[in-house]
Structures are given as structure tokens and as C-alpha cells.
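Q: A structural model of the following input is requested.
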Amino acid sequence: MKIVVEPLSVLKKYFGYDEFREGQSELVSSILNGRDVLGIMPTGAGKSICYQVPALCMEGITLVISPLISLMKDQVYSLNQAGISAAFINSSLTPGQVHKALGFAKEGRYKIIYVAPERLETVEFLEMVDHLEIAMVAVDEAHCVSQWGQDFRPSYLKISEFIKKLPRRPVVSAFTATATRQVIEDISCMLQLQDVMEMITGFDRPNLSYEVHKPTDKNQWILDYAENHFHDSGIIYCATRAAVEEVCALLIRHQFAVTRYHAGLPDAERKENQEDFIYDVKPIMVATNAFGMGIDKSNVRYVIHYNMPKNIESYYQEAGRAGRDGAVSSCILLYEAKDVVVNQFFINNGNNNEDLDRETLHLIQERDHERLKRMTFYCFTKDCLREYILRYFGEKTPNYCGNCLNCNSHFEEIDVTKAAASIIACIKQCNGRYGINVIVGTLRGMKQAKLQTYRMYENSEYGKLADIGDIRLKQIIQKLLLDGYLVQSNDKYGLLRIGKMSLENKTKDDATAAPLGVGDNAHRGSEPRILMKVSTEDWGGTKKTSKKAKTTKAAKGSRDLTVKELDLFDQMKALRLKLAKAEGMPPYIIFSDKTLIEMCTKTPKTREEMLRVSGVGEHKYEKYGKQFLELME
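A: Sure, this is the predicted structure:
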């Protein structure tokens, strides 16, 4: 493989960066040494640099396979703005435009070509690649190749066959932000990577804070939050189109600049709404999960999930659209019990892929139900939320991050062994026939008609926990589910039955178990057996001073600017928006907020000083630099 230019000079000249970020240098070097690579890097960590830089260093063309039309457009616009010849070929182009792009590719006009996986089988595309020297095939969103990933796409299974058809096997690179160990192994196998260099830089995004709330009135919670973050851009994800319409209408009635996005809208309206959000005309987007893939908007300060997603992978990917510029941002999940039922319905009815046999579909469905349970447990854990997510992806971390709601809340540990024993005994007598509401009603001794119909008053535990509130009992049941003492059916009924974990050895001496309450940790004659963290504000008890929050390595944000710097920042944003509209592209492609903020704090006066600002490459300086320098005179 012939290297025609050094990677660091490419990085500085075209992208405006003086050095590589963590993991980038190793991946780039491995590619240039002819090795296949697999990079697992968090959103915003610079995966695209890892294949774009070597693409410009090598002779020949790089094909980037991506499923995301919006991402292709943004990447190609960004490359063109940096002075790099690139193109995309996907279903957004007319047949005439595709033919023209393929013709230009044959002539060698492009260094990088983005292509949808479905195109790899077309006769016209295969005929084109026969005329080209393909130096590298880069697979973006590589988790799509795995049927165990959260976004499996059968078209990705054709990639390895396409590579075999090429006259000479190129270097193959694969990248994704979210993948469990099983998915990582599947990627390497399905893409048939050779002599692969695997780089996992970690899944953590230190600038993001995590919160889970269970508000009694979600709509009021949303209104209060939007009011307190009036100047910020954010995304509110909803599980259904109806919820999108409801939340968007609510915010409009209260005079927020908001728009919406879901698959039920006409294409033209979706495109207009997306552009209003990207251009900050309407900085709040309410959407289903159909929105966001490939959207590289860097100044999203919060992502709120109005409903719980069906798995951790989807949640982390969607929440990760906040803070792509490295500035402090929030990821918030609003939980309610019916979210579980809605997701169970989607799992049971949403996978009709004709390319998969019945047995495989069943396995995928079982896997999805298990993932839903892990997602539900996230909403109830009292441990560090960041640690819970990172552990899910196989990353060992401390159990305290100082930058999530749980780490910064006041908790006490209490012994709930006695209550747990009653719950388990009640469920055991029911033989797995009832869900949470019936069990709770029985334990509290409620006089409900359905309990009479089910003859639950004959259960030996009927009324045994009448002094414990409904919410508290449900929290203990969730604790038992989380720890494996109980399991719940995967249907809409959510029936409870006994799990693999046994209480037998823990309930031999029930007489010594403390009554349910705060502060009963000191037992006479026995140690605590089932401990549960509870909020002192919810359960009563003495408040404890939380640990000092860990300082995150977050980029300086606009809120950190002085009044004078903030005024300059606003002027720069206005200029950027004017230039972007004139060229028909998103503002962040010209310069990110992070780059503008650095300009405001460093106030460069010359070309040399401007080129030292992160994100200002030579081509961008020649095109825009002088206009921004004039603002700082």
C-alpha cells in the first residue's frame, strides 16, 4: 500500500486539529499498515476521522458503507467544505444523478464515496468499481451487521460478498458506538475481518449527566424543564406518534419554538422540520426514534426520553445525541409503568423480517425481552446510572461518577428481608397467575372486586403488609426482580413468578428480621439480608451530605463565557447562519459551537492564530476565516 501523504499533516490541513484523540492514531496507523480494524468509540469521539484521514493518505478510493442518508449528506458536505472531493450514492438521488455520480467516480474525481449497502448489488455500481482502485472499504454503524445488535439490517450481510467480488481485497475498517461483546465478535465474523486490530476506547461520555425521574405529571415536568432551559436546544423522544403530537402541541401552546418528526408526516414536512431544528429556527425537536440517526447537530444540550426505550443500546445511542461538542449536557429519562407494556407490544409484533427463519425470529424476540428487562432495571437502580450503562457494555468502572442523579441524591440502605419474604410467599401461592397490581393489592389487604373474584383473601399473606404504601411495595418488588428473586412474563400481563435466586437460606430466622423502615440496619442477632437503597426524601430519615461531584472533562460551553464574549458568540452564530443559508447546509458544518467559543476566548487576530483554533483547517480559513476575523477586530 502506497502512502502519499502523512496523516498528521492531513489532520491539520483539512480538519484543523493538531493531534489525534484517544484511539484515532492507532486505528489510522493500523489501516495505513494494511490491517483491518474494528473501532468501538463513543458518539462524538471522532470515528469518521479514523477512516477519512487514511483515505486521503492512500492512493485509490475509499468506499464508506452507511445506512444513514442524512449522515452521508452531512459527511459529504463537511468534506467538501474542507476541500476534499467526496460524493454519496443513495436513494435520495434521482436515477440521472446516480448515473452522473457513478460517471464522475469512474473518472477518479472523488477520494471518498459514501454508499448505502443496498447499492452494492446493483449492476451499475459493480460495473463502476471494476474501473477503480479501491484502497479501503469502511463500514459505518457496523453493529447493523449483527442480528444481536439493536438495529440489525439484512442488507449489511451482503458486504462481505461484495468485498469478495473486488479485483483486489482492500483494507476493511468497521466502526460503531454501541456494541456488546457478542455484537463485537459478530461484526468481526460477519465482515470476515483479517488480521484485525480491535480498538475499544470506552463507552463513557464524561460531559453527559444521567437522570431518571418518575413524575406524576410528565407534561408539567416537560414544561418546567423547557422553561428553565429556554435558550438551549434539545430533543424529546416519544415512543409513539400520538405522544409526539401531544407533547409538541403542549409546548406550542406555551409558546416554545418547537417542531416534530415522525414517520406519519409527509416527506416534505419532515425535511422542513428537521432543517428548522438543525438551523436553530426551532431549537426543540419532539420525535419518535425515527429521528436522529446521522444528525450531527453539535449543540444539543439535552435529550429527554418521554417514554422508556426498549433497550440500553437504543437509549444510549439516542441520549448520546446530546453534547456532541463536548460541553456539559443532560440525558433524562421519564419512566412510567405503561412504558414496559408498550415496548412488550412492539417486541411481540414488530419484527416480521422475511429474511429470517421462525426459529431465529423467536431467538431475537427472547433477546429483546431480556434487553427490555435490563432497560427497566436501569430505571429502578439506586446505584450509579453511568456505571450501570457502562457495565452493560462490558466496561469496568467505579460505582460512583458524581455526574448522575443517583450519585448526587441522598440514599439510605434499609433491610427489607421481612417484606420480601411476604411478597415471595404470596407469589408462590399464586403459582405465577397474577401481575404486580394484584399482588400488591393482596399484600395490602385491599377490598377490590377482582381480588374477591380471584379469592385472594384466602392467601396466607393477605393484608400482611397493609402498613406499607403502594409505591413502596412496588419498589421492593422491582428490587426483587433486579436481584433475580422474581421474574416477570414477557406479555402484556407481566405475571410474577419465583426466580432462580432463593430466599430459603435468608428467611430461616424471620423473627429476627427487622420491620420495614428507615434506619433499622442494626439488628439484634442477625445481619441485614436483603438491603435496598431508598431515597431519604421519599421514605423519611436523616439527610446525608452527598459526595463531592467528580469534575468532568467537558469542553467550555457558552454559559462559561463573559458578557462580552457571549455577545461576540451571538454575532458569530448570526454570521454562521447567514453563510449556511446562502450555501444550503447546516450551520455546524461551517464551524461547530465549540470552535466559535474557542474563537471568542482566544480572539485570534491573524491567519496563523486563527489556524491554531481547533476545527479551523486551511480550506475553511480561506473560505470563511477573514469574515470571522473582522468580527474580532
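
Q: the domain parsing of the chain - what is it?
A: What automatic domain parsing lists as the domains of the chain is 7-200, 208-392, 411-539, 558-631.

Q: Would you map the helices across the stretch 401-550 of the chain?
A: Applying DSSP state H, counting those that start in this stretch to the stretch 401-550 of the chain gives helices spanning 417-430, 436-443, 449-453, 470-483, 536-539.

Q: what's the closest of those helices to D18?
A: Of all the helices of the stretch 401-550 of the chain, it is helix 470-483 that lies closest to D18, at 46.4 Å by C-beta to C-beta. In this view, the C-beta of every residue, glycine as well, is placed from N, C-alpha and C.

Q: got the buried residues for the closest one?
A: R472, L473, K474, Q475, I476, I477, Q478, K479, L480, L481, L482 (16 or more other C-beta atoms under 10 Å).

Q: Pretty sure the second one sits against G445.
A: No. Under the criterion of C-beta atoms under 8 Å, L473 makes no contact with G445, lying 11.8 Å away.

Q: Would you convert the buried residues of helix 470-483 into JSON lines that also reports pLDDT and distance to V244?
A: Shown next, in JSON lines, are these (pLDDT from 0 to 100; distance: C-beta to C-beta, whole Å):
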{"residue": "R472", "pLDDT": "85", "distance to V244": "33"}
{"residue": "L473", "pLDDT": "91", "distance to V244": "33"}
{"residue": "K474", "pLDDT": "88", "distance to V244": "28"}
{"residue": "Q475", "pLDDT": "85", "distance to V244": "30"}
{"residue": "I476", "pLDDT": "91", "distance to V244": "34"}
{"residue": "I477", "pLDDT": "91", "distance to V244": "31"}
{"residue": "Q478", "pLDDT": "84", "distance to V244": "28"}
{"residue": "K479", "pLDDT": "86", "distance to V244": "33"}
{"residue": "L480", "pLDDT": "90", "distance to V244": "35"}
{"residue": "L481", "pLDDT": "87", "distance to V244": "30"}
{"residue": "L482", "pLDDT": "80", "distance to V244": "31"}
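
Q: quick check, nearest of those residues to A45?
A: L482 (30.6 Å).

Q: Who are the contact partners of the closest one?
A: Taking C-beta atoms under 8 Å, 6 or more residues apart in numbering, we find L482 in contact with F377, F380, T381.

Q: picking that back up, of all the domains of the chain, which one is nearest C404?
A: Nearest to C404, of the domains of the chain and by C-beta to C-beta, is domain 208-392 at 4.0 Å.

Q: Let me see the mean pLDDT of that closest one.
A: Per-region confidence: domain 208-392 scores 89 on mean pLDDT.

Q: Check stretch 184-193 too.
A: For stretch 184-193, mean pLDDT is 92.

Q: List the buried residues for that stretch?
A: Of the residues in stretch 184-193, I184, D186, I187, S188, M190, L191, L193 count as buried by neighbour count, 16+ other C-beta under 10 Å.

Q: Could you say which helix or strand holds the last one?
A: Element membership for L193 (DSSP states H and E) is empty, with no helix or strand holding it.

Q: in what helix or strand does M136 lie?
A: Using DSSP H and E, M136 maps to strand 134-139.

Q: if you skip the residues just before and after it, what's nearest to the residue most central in space within the chain?
A: Geometric centre of the chain, nearest residue: Q317, 1.6 Å, by C-alpha atoms, centre = their mean. Excluding the flanking residues, the one nearest Q317 by C-beta to C-beta, 6 or more residues apart in numbering is T178, at 5.4 Å.
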